[in-house]
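A.B. asks: pasting a predicted model and its sequence here:
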Amino acid sequence: MIFIMLGAPGTGKGTVASILSEKMNIPQVSTGDIFRKHIKEKTELGILADKYISKGQLVPDEVTVNLVKSRLEEPDAQNGVILDGFPRTVKQAEELEKVLKEKQTKLDMVINLVTPEDEIIERIENRRICPDCKAVYNVKLSPPIHEGICDKCGHELIKRKDDNIETIKSRLQTYFEQTSPLIDFYNKKGNLRTEEVSKKINRFGKDIAEDIVKEFLK
Ligand code: AMP
(Lines give C-alpha, C1' and ligand atoms only; values in the text may rest on other atoms or scores of the structure.)
Protein backbone atom coordinates (compact mmCIF):
# COMPACT_ATOMS: atom_id res chain seq x y z
CA MET A 1 0.00 0.00 0.00
CA ILE A 2 1.39 3.38 -0.95
CA PHE A 3 -0.19 6.63 0.18
CA ILE A 4 1.14 10.09 -0.56
CA MET A 5 0.39 13.12 1.59
CA LEU A 6 0.30 16.30 -0.47
CA GLY A 7 -0.46 19.83 0.68
CA ALA A 8 1.09 23.11 1.78
CA PRO A 9 3.06 23.23 5.03
CA GLY A 10 0.82 23.29 8.08
CA THR A 11 -2.20 21.61 6.50
CA GLY A 12 -1.91 18.53 8.70
CA LYS A 13 -0.10 16.02 6.49
CA GLY A 14 1.81 14.61 9.45
CA THR A 15 -1.33 14.18 11.56
CA VAL A 16 -3.16 12.28 8.81
CA ALA A 17 -0.04 10.24 8.01
CA SER A 18 0.55 9.18 11.60
CA ILE A 19 -3.06 7.99 12.06
CA LEU A 20 -3.04 6.10 8.75
CA SER A 21 0.32 4.57 9.66
CA GLU A 22 -0.95 3.32 13.01
CA LYS A 23 -4.26 1.97 11.72
CA MET A 24 -2.90 0.41 8.54
CA ASN A 25 0.25 -0.85 10.17
CA ILE A 26 2.68 0.55 7.63
CA PRO A 27 5.41 3.12 8.40
CA GLN A 28 5.09 6.88 8.00
CA VAL A 29 8.02 8.11 5.94
CA SER A 30 8.45 11.82 6.57
CA THR A 31 11.35 13.30 4.64
CA GLY A 32 11.18 16.37 6.91
CA ASP A 33 11.60 14.18 10.02
CA ILE A 34 14.50 12.29 8.42
CA PHE A 35 16.24 15.58 7.55
CA ARG A 36 15.67 16.95 11.07
CA LYS A 37 17.22 13.80 12.56
CA HIS A 38 20.29 14.28 10.37
CA ILE A 39 20.48 17.96 11.31
CA LYS A 40 20.37 17.07 15.00
CA GLU A 41 23.10 14.47 14.55
CA LYS A 42 25.14 16.91 12.42
CA THR A 43 25.70 14.37 9.66
CA GLU A 44 26.97 15.45 6.25
CA LEU A 45 23.41 15.18 4.91
CA GLY A 46 22.11 17.16 7.88
CA ILE A 47 24.58 20.00 7.32
CA LEU A 48 23.60 20.17 3.65
CA ALA A 49 19.83 19.91 4.29
CA ASP A 50 19.90 22.60 6.98
CA LYS A 51 21.13 25.18 4.44
CA TYR A 52 17.93 24.75 2.45
CA ILE A 53 15.43 24.01 5.23
CA SER A 54 16.37 27.10 7.27
CA LYS A 55 15.61 29.27 4.20
CA GLY A 56 12.32 27.54 3.44
CA GLN A 57 13.72 26.01 0.27
CA LEU A 58 13.64 22.43 -0.92
CA VAL A 59 16.57 20.10 -0.44
CA PRO A 60 17.83 19.20 -3.96
CA ASP A 61 15.89 16.47 -5.75
CA GLU A 62 18.81 14.09 -6.20
CA VAL A 63 19.62 14.05 -2.48
CA THR A 64 15.99 13.64 -1.48
CA VAL A 65 15.19 10.95 -4.04
CA ASN A 66 18.21 8.87 -2.98
CA LEU A 67 17.18 9.19 0.64
CA VAL A 68 13.65 7.94 -0.08
CA LYS A 69 14.89 5.17 -2.37
CA SER A 70 17.05 3.72 0.37
CA ARG A 71 14.27 4.12 2.96
CA LEU A 72 11.95 2.12 0.69
CA GLU A 73 14.48 -0.71 0.66
CA GLU A 74 14.25 -1.20 4.43
CA PRO A 75 12.42 -4.34 5.63
CA ASP A 76 9.58 -2.49 7.38
CA ALA A 77 8.66 -0.69 4.15
CA GLN A 78 8.00 -3.82 2.12
CA ASN A 79 4.24 -3.88 2.75
CA GLY A 80 3.86 -0.21 1.94
CA VAL A 81 4.40 3.27 3.37
CA ILE A 82 2.68 6.56 3.96
CA LEU A 83 4.86 9.14 2.21
CA ASP A 84 4.60 12.34 4.22
CA GLY A 85 6.16 15.32 2.42
CA PHE A 86 7.48 13.39 -0.58
CA PRO A 87 7.30 13.94 -3.51
CA ARG A 88 7.46 17.73 -3.48
CA THR A 89 8.45 18.34 -7.11
CA VAL A 90 7.38 16.83 -10.43
CA LYS A 91 10.92 15.44 -10.84
CA GLN A 92 10.60 13.61 -7.49
CA ALA A 93 7.18 12.26 -8.52
CA GLU A 94 8.62 10.93 -11.78
CA GLU A 95 11.49 9.26 -9.94
CA LEU A 96 9.04 7.72 -7.48
CA GLU A 97 7.01 6.32 -10.38
CA LYS A 98 10.12 4.56 -11.67
CA VAL A 99 10.85 3.06 -8.25
CA LEU A 100 7.27 1.83 -7.80
CA LYS A 101 7.28 0.33 -11.27
CA GLU A 102 10.49 -1.56 -10.51
CA LYS A 103 8.94 -2.83 -7.30
CA GLN A 104 5.68 -3.64 -9.13
CA THR A 105 3.83 -1.63 -6.50
CA LYS A 106 0.91 0.60 -7.23
CA LEU A 107 0.11 3.96 -5.76
CA ASP A 108 -3.16 3.67 -3.82
CA MET A 109 -4.05 7.25 -3.06
CA VAL A 110 -2.68 10.79 -3.07
CA ILE A 111 -4.31 12.78 -0.29
CA ASN A 112 -4.21 16.48 -1.07
CA LEU A 113 -4.92 18.69 1.94
CA VAL A 114 -6.13 22.23 1.37
CA THR A 115 -6.32 24.94 4.04
CA PRO A 116 -6.93 28.72 3.72
CA GLU A 117 -3.62 30.63 3.88
CA ASP A 118 -4.50 32.67 6.97
CA GLU A 119 -5.25 29.47 8.85
CA ILE A 120 -2.01 27.88 7.63
CA ILE A 121 0.04 30.70 9.14
CA GLU A 122 -1.88 30.48 12.41
CA ARG A 123 -1.55 26.69 12.52
CA ILE A 124 2.22 26.79 11.94
CA GLU A 125 2.76 29.52 14.53
CA ASN A 126 0.81 27.47 17.09
CA ARG A 127 2.46 24.16 16.17
CA ARG A 128 4.67 22.36 18.68
CA ILE A 129 6.31 19.04 18.03
CA CYS A 130 7.82 16.31 20.12
CA PRO A 131 11.41 15.91 18.90
CA ASP A 132 11.43 12.40 20.30
CA CYS A 133 8.25 10.58 19.20
CA LYS A 134 7.31 13.19 16.54
CA ALA A 135 3.80 13.81 17.91
CA VAL A 136 2.35 17.12 16.72
CA TYR A 137 0.27 19.55 18.82
CA ASN A 138 -1.43 22.88 18.28
CA VAL A 139 -1.34 25.04 21.41
CA LYS A 140 -4.83 26.36 20.62
CA LEU A 141 -6.65 23.55 18.79
CA SER A 142 -5.10 20.40 20.22
CA PRO A 143 -2.88 21.27 23.20
CA PRO A 144 -1.09 18.62 25.26
CA ILE A 145 -2.60 17.79 28.67
CA HIS A 146 0.41 19.32 30.46
CA GLU A 147 1.69 22.49 28.85
CA GLY A 148 4.91 21.95 26.90
CA ILE A 149 5.05 18.20 27.55
CA CYS A 150 4.28 15.40 25.08
CA ASP A 151 1.22 13.35 26.11
CA LYS A 152 2.62 10.27 24.42
CA CYS A 153 6.20 10.08 25.70
CA GLY A 154 6.66 12.87 28.28
CA HIS A 155 9.40 14.65 26.31
CA GLU A 156 9.54 18.43 26.26
CA LEU A 157 7.82 19.91 23.19
CA ILE A 158 9.62 22.31 20.85
CA LYS A 159 8.76 24.79 18.14
CA ARG A 160 10.41 23.86 14.84
CA LYS A 161 13.19 26.27 13.83
CA ASP A 162 11.53 26.79 10.44
CA ASP A 163 8.11 27.50 12.00
CA ASN A 164 8.74 31.26 12.12
CA ILE A 165 6.87 33.84 10.09
CA GLU A 166 9.74 34.65 7.66
CA THR A 167 10.48 31.03 6.83
CA ILE A 168 6.77 30.18 6.63
CA LYS A 169 6.35 32.75 3.86
CA SER A 170 9.16 31.31 1.77
CA ARG A 171 7.95 27.76 2.44
CA LEU A 172 4.53 28.73 1.12
CA GLN A 173 6.07 30.33 -1.95
CA THR A 174 8.17 27.20 -2.51
CA TYR A 175 5.01 25.12 -2.19
CA PHE A 176 3.06 27.14 -4.76
CA GLU A 177 5.93 27.25 -7.24
CA GLN A 178 7.35 23.75 -6.99
CA THR A 179 4.90 21.43 -5.24
CA SER A 180 1.41 22.53 -6.26
CA PRO A 181 1.94 21.36 -9.90
CA LEU A 182 1.74 17.85 -8.42
CA ILE A 183 -2.00 18.35 -7.90
CA ASP A 184 -2.47 18.38 -11.65
CA PHE A 185 0.12 15.61 -12.11
CA TYR A 186 -1.76 13.21 -9.84
CA ASN A 187 -5.22 14.40 -10.84
CA LYS A 188 -4.48 13.24 -14.37
CA LYS A 189 -3.54 9.83 -13.03
CA GLY A 190 -6.90 9.58 -11.30
CA ASN A 191 -5.96 8.81 -7.73
CA LEU A 192 -6.06 12.24 -6.16
CA ARG A 193 -8.36 12.84 -3.22
CA THR A 194 -8.65 16.47 -2.17
CA GLU A 195 -9.77 17.26 1.38
CA GLU A 196 -10.29 20.60 3.06
CA VAL A 197 -8.79 21.04 6.52
CA SER A 198 -10.22 24.12 8.17
CA LYS A 199 -11.64 25.33 11.44
CA LYS A 200 -14.31 27.13 9.36
CA ILE A 201 -15.85 23.77 8.50
CA ASN A 202 -14.64 22.11 11.70
CA ARG A 203 -12.74 19.47 9.75
CA PHE A 204 -9.24 18.47 10.78
CA GLY A 205 -6.63 15.88 9.89
CA LYS A 206 -8.02 13.42 12.40
CA ASP A 207 -11.48 13.46 10.74
CA ILE A 208 -9.99 12.92 7.30
CA ALA A 209 -7.75 10.06 8.45
CA GLU A 210 -10.69 8.34 10.17
CA ASP A 211 -12.83 8.53 7.01
CA ILE A 212 -10.04 7.08 4.87
CA VAL A 213 -9.33 4.27 7.33
CA LYS A 214 -13.04 3.36 7.42
CA GLU A 215 -13.15 3.17 3.62
CA PHE A 216 -9.97 1.12 3.32
CA LEU A 217 -10.55 -1.31 6.12
CA LYS A 218 -14.25 -2.01 5.52
P1 AMP B 1 8.29 19.11 6.46
O2 AMP B 1 8.61 18.54 7.80
O3 AMP B 1 7.62 18.13 5.55
O4 AMP B 1 7.54 20.42 6.55
O5 AMP B 1 9.69 19.45 5.76
C6 AMP B 1 10.58 20.41 6.32
C7 AMP B 1 11.55 20.87 5.26
O8 AMP B 1 12.35 19.76 4.81
C9 AMP B 1 10.92 21.43 4.00
O10 AMP B 1 10.57 22.80 4.14
C11 AMP B 1 12.05 21.23 2.99
O12 AMP B 1 13.06 22.21 3.14
C13 AMP B 1 12.63 19.89 3.42
N14 AMP B 1 11.97 18.78 2.71
C15 AMP B 1 11.10 17.88 3.22
N16 AMP B 1 10.67 17.02 2.27
C17 AMP B 1 11.30 17.40 1.13
C18 AMP B 1 11.25 16.94 -0.22
N19 AMP B 1 10.46 15.92 -0.58
N20 AMP B 1 12.04 17.57 -1.13
C21 AMP B 1 12.83 18.58 -0.78
N22 AMP B 1 12.90 19.10 0.46
C23 AMP B 1 12.13 18.51 1.41
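C.D. replies: Okay, I see it.

A.B. asks: ok, now how distant is Pro144 from the ligand?
C.D. replies: Note on Pro144: its distance to the ligand, by Cβ to the nearest ligand atom, to the nearest Å, is 19 Å. Glycine gets a C-beta too; all of them are placed from N, C-alpha and C.

A.B. asks: sorry, slip of the keys, the one I care about is Ile19.
C.D. replies: 16 Å.

A.B. asks: tell me the SS of that residue?
C.D. replies: Counting by DSSP: H, G, I helix; E, B strand; the rest coil, the backbone at Ile19 sits in helix.

A.B. asks: what's the burial count for it?
C.D. replies: 19 (other Cβ atoms under 10 Å).

A.B. asks: for it, which non-adjacent residue is spatially closest?
C.D. replies: Take Ile19 and drop its neighbours on the chain: the residue closest to it by Cβ to Cβ, 6 or more residues apart in numbering is Ala209, 3.6 Å away.

A.B. asks: how far away is that neighbour from Glu22?
C.D. replies: 9 Å (Cβ to Cβ, to the nearest Å).

A.B. asks: neighbour count: the two, which is higher?
C.D. replies: Using other Cβ under 10 Å, the more surrounded residue of Ala209 and Glu22 is Ala209, with 24 against 13.

A.B. asks: that one contacts Thr15, doesn't it?
C.D. replies: Yes - using Cβ atoms under 8 Å, Ala209 makes contact with Thr15 at a distance of 7.2 Å.

A.B. asks: ranges for the strands of this structure?
C.D. replies: 2-7, 28-30, 81-84, 109-114, 127-129, 136-138, 192-196 (DSSP state E).

A.B. asks: which strands or helices does the fifth one pack on?
C.D. replies: Packing contacts for strand 127-129, counted by 3 or more Cβ pairs under 8 Å, 6 or more residues apart in numbering; DSSP states H and E, involve strand 136-138.

A.B. asks: roughly how far is the strand it packs on from the heart of the chain?
C.D. replies: Here strand 136-138 is found 14 Å from its chain centre; the criterion is Cα atoms, centre = their mean, to the nearest Å.

A.B. asks: what's in contact with that strand?
C.D. replies: Contact with strand 136-138 is made by 14-15, 18, 123, 126-130, 143-144, 150, 157, as judged by Cβ atoms under 8 Å, 6 or more residues apart in numbering.

A.B. asks: run the last query once more with 6 Å
C.D. replies: 14-15, 126-129, 144 (Cβ atoms under 6 Å, 6 or more residues apart in numbering).

A.B. asks: of the residues you listed, which is the nearest to the ligand?
C.D. replies: Set against the ligand, the nearest of the contacts of strand 136-138 by Cβ to the nearest ligand atom is Gly14 (7.1 Å).

A.B. asks: identify the residues contacting that closest one.
C.D. replies: Contact analysis of Gly14 by Cβ under 6 Å, 6+ apart lists 84, 136.

A.B. asks: tally of neighbours for Glu102?
C.D. replies: 9.

A.B. asks: how close does it get to the ligand?
C.D. replies: Distance, Glu102 to the ligand, by Cβ to the nearest ligand atom: 19 Å.

A.B. asks: give me the neighbour count for the residue in the chain that the ligand sits nearest to.
C.D. replies: The minimum distance from the chain to the ligand, using Cβ to the nearest ligand atom, falls at Gly32 (2.0 Å). Neighbour count of Gly32, defined by other Cβ under 10 Å: 20.
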